[in-house]
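Q: need a 3D model of the following:
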Amino acid sequence: MSSLSHINDQGLPSMVDISQKQVTIRTAIAESTVQFPEEVFEQLSGQNFLTKKGAVFQTAIIAGVMAAKKTSDIIPLCHPLALSTCKIDIEPADNFALKVICLVRCEGKTGVEMEALTGASAAALCIYDMCKALTHDITISNVRLLHKTGGKSDINPGK
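A: Down below sits the predicted model:
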């Protein structure tokens, strides 16, 4: 069984020492789902997802990128990273939902999984915020890592 990397020998929180790791290109892709009631989704679709607060997709994309860049400010033991790119895609999914996909890449010594998960989550939260005037019956779910490369192991847990 693996040990937790953020707990030291005394059981206290500890930032992982990455000083001896090699710099590699790190990539992670995460997703989240924003589920709407059918009538609200149809209304938003008919308005090209424009609300009184503005353009939902465009605003959520900016929120997701900003959040990914600030991940180390909100997740206590994350290393601050200089991201090479952060791309947020939002597309309609089955059953009156939006799928948010966040791809993050950097050249560094530690992975960008938390940045991708944070970007996907923040974009979904922004969508909720921009649409809550229509209903509070909006659900954010399935926040998960789909893909990661560049570290000790490449993984595809979402497959």
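Q: make it CA atoms for all contacts and neighbour counts henceforth
A: Fine.
Q: can you map out the helices along this protein?
A: 38-46, 56-69, 71-74, 113-131 (DSSP state H).
Q: buried deepest among these, which one?
A: Scoring the helices of the chain by mean neighbour count under mean count of other C-alpha atoms under 10 Å gives helix 113-131 as the most buried, with a mean of 26.
Q: which helices and strands does that helix pack with?
A: Judged by 3 or more C-alpha pairs under 8 Å, 6 or more residues apart in numbering; DSSP states H and E, helix 113-131 is in contact with strand 24-35, helix 56-69, helix 71-74, strand 85-93, strand 97-108, strand 139-149.
Q: for these, give me a markdown table that also has distance to residue 48 and mean pLDDT.
A: A markdown table is the format used below for the helices and strands packed on helix 113-131 (distance: least, C-alpha to C-alpha, whole Å; pLDDT from 0 to 100):
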| stretch | distance to residue 48 | mean pLDDT |
| --- | --- | --- |
| strand 24-35 | 16 | 97 |
| helix 56-69 | 9 | 98 |
| helix 71-74 | 30 | 97 |
| strand 85-93 | 11 | 97 |
| strand 97-108 | 13 | 97 |
| strand 139-149 | 20 | 97 |
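Q: and the helices of the chain: which comes nearest residue 146?
A: helix 113-131 (9.4 Å; C-alpha to C-alpha).
Q: for the closest one, what is the average pLDDT?
A: Mean pLDDT, helix 113-131: 98.
Q: off-centre distance for that helix?
A: 6 Å (C-alpha atoms, centre = their mean, to the nearest Å).
Q: give me the angle between it and helix 38-46.
A: Helix 113-131 runs at 90 degrees relative to helix 38-46, counting by axes from the mean of the first three to the mean of the last three C-alpha atoms, to 10 degrees.
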